[in-house]
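Enquirer: Pasting a predicted model and its sequence here:
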Amino acid sequence: MTNIIFKALNITRFYKEKNDIFHAVSGISFELHAGEVISFVGPNGAGKTTLIKSISNYLIPNLGQIEVEGIDLTKKPRQARKQMGIVFGGDRGFYNNATARDNLEFFARILGVKERHIKSNVQHALETVNLANVADKKAGSYSKGMLQRLHIARGLVNHPKILMLDEPTAGLDIESVISIRKLVKKLADDGCGIILTSHDMTDIETLADRIFLIGGGKIYYEGSIAGVKAFAHVDETASLTDAYLAVANKLKRK
Ligand SMILES: Nc1ncnc2c1ncn2[C@@H]1O[C@H](COP(=O)(O)OP(=O)(O)OP(=O)(O)O)[C@@H](O)[C@H]1O
Ligand SMILES: [Mg+2]
């Protein structure tokens, strides 16, 4: 894997509090290759969502540089954003009275997908997440699992080279979780670079090529899953959960 498609350098995002500055994300750097899945793992409040927002133009980092396929995100946000799909999930994000298909067409247009590609891109995204048969139902009628898949479809409408998924399997039934894992794996196999956050260690074990342990806005470990076990001083046969628990205290904000 040599084809670097995304670079983040020294990403820092802080919030001003009364007399203090609170660093949600502090000096994080990493690279992502085509077809690679990297995962940020850490406790609640570690800075995962803030990091994803800061590298995807949802938030402007206070410091740092982001290169998307060689394009500087801060200098050419629109052009850079076209290469990316971002999935935050949750109950919001769609027009409830519009159909899933109309929602996706709307977001594809906003992302600058060419008019002649919109219908086919949307249909393809719907098929990819298995929603084609219910695409003409209102988004407001969707169950949580369907909505989550619709969020992923939204992330795919521009055929991104980089897909960022913030807790894509949270709160879903096991069948939906497994179908999302398979989908992420397939997208990566097809060459998409994936940035994933999850609290589900099985997601991480089945999907991640490299993991980053993040705590208090900083990276504590970067490497393979086998490497985390060595880092955490647990046995090779220990699970990723065991390894994580062995270092969890270090990752908490003091
Ligand atoms: N707009 C904001 N103003 C002030 N503090 C913020 C803001 N957004 C996030 N934070 C703080 O930044 C820290 C990191 O939050 P973030 O949501 O990135 O964590 P996370 O790792 O995604 O957590 P979780 O696993 O719960 O999703 C938290 O302490 C949070 O309270
Ligand atoms: Mg989060």
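Expert: All right, it came through fine. Numbering: from 1, shown residues only. Ligands and ions are numbered 1, 2, ... in the order given.
Enquirer: quick one: is stretch 206-223 near ligand 1?
Expert: No - judged by CB under 6 Å from any ligand atom, stretch 206-223 makes no contact with ligand 1; its nearest approach is 6.9 Å. Just so you know, the C-beta spots here come from the backbone N, C-alpha and C atoms, and that holds for glycine as well.
Enquirer: So which residues on the protein come close to ligand 1?
Expert: So the chain meets ligand 1 at 15, 24, 42, 44-50 (CB under 6 Å from any ligand atom).
Enquirer: In space, what's closest to Gly216 - neighbours in sequence excluded?
Expert: Among residues not flanking Gly216 along the chain, Arg253 sits closest, at 4.5 Å (CB to CB, 6 or more residues apart in numbering).
Enquirer: Helix, strand, or coil at Gly227?
Expert: What DSSP: H, G, I helix; E, B strand; the rest coil gives for Gly227 is helix.
Enquirer: ok, it - how many residues close by?
Expert: Neighbourhood size, Gly227 [other CB atoms under 10 Å]: 14.
Enquirer: can you check His23 too?
Expert: Using other CB under 10 Å: His23 sits among 17 other residues.
Enquirer: which intervals of this structure have sub-threshold pLDDT?
Expert: Scanning the chain with the threshold set as pLDDT under 70 gives 1.
Enquirer: Hmm, the residue nearest to Gly216 is touching Gly47, no?
Expert: No - counting by CB atoms under 8 Å, Arg253 stays clear of Gly47, with 9.3 Å between them.
Enquirer: between those two, what contacts are shared?
Expert: Contact criterion CB atoms under 8 Å, 6 or more residues apart in numbering; residues shared by Arg253 and Gly47: Gly216.
Enquirer: Taking the stretch 51-200 of the chain, what residue is nearest to ligand 2?
Expert: Using CB to the ion, the closest approach of the stretch 51-200 of the chain to ligand 2 is made by Asp166 at 5.9 Å.
Enquirer: And the chain, by the same measure?
Expert: Thr49 (3.1 Å).
Enquirer: Can you give me the distance of that residue to Ala125?
Expert: 23 Å (CB to CB, to the nearest Å).
Enquirer: out of these two, which sits in the busier spot?
Expert: A direct count of neighbours by other CB under 10 Å for Thr49 and Ala125 places Ala125 higher, at 28 against 19.
Enquirer: wait, is the residue of the chain closest to ligand 2 part of a helix?
Expert: Yes - judged by three-state DSSP, Thr49 forms part of a helix.
Enquirer: quick one, phi/psi of the residue lying closest to it once chain neighbours are set aside?
Expert: What sits nearest to Thr49 in space, not counting adjacent residues and going by CB to CB, 6+ apart, is Asp166, at 5.5 Å. With angles defined as degrees, to the nearest 10, Asp166 sits at phi -100, psi 110.
Enquirer: can you tell me how far Asp200 sits from ligand 1?
Expert: Taking CB to the nearest ligand atom, to the nearest Å as the measure, Asp200 falls 12 Å from ligand 1.
Enquirer: And what about the closest residue to that residue other than its chain neighbours, helix, strand or coil?
Expert: Excluding the flanking residues, the one nearest Asp200 by CB to CB, 6+ apart is Thr169, at 5.6 Å. Secondary structure, three-state DSSP: Thr169 is coil.
Enquirer: what's the neighbour count on Thr169?
Expert: Count around Thr169 with other CB under 10 Å applied: 24.
Enquirer: so Asp148 is in which element?
Expert: That one is not Asp; residue 148 is Gln. helix 144-156 (DSSP states H and E).
Enquirer: For the helix or strand hosting Phe40, list the C-alpha coordinates in CSV.
Expert: Assigned by DSSP H and E, Phe40 belongs to strand 37-41. Only the C-alpha atoms of strand 37-41 are listed here, as CSV (Å, rounded to 0.1, in the frame of the first residue of the first chain):
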residue,chain,number,x,y,z
VAL,A,37,-9.3,1.1,6.9
ILE,A,38,-8.0,3.0,9.8
SER,A,39,-9.8,3.3,13.1
PHE,A,40,-9.8,5.8,15.9
VAL,A,41,-10.6,4.1,19.2
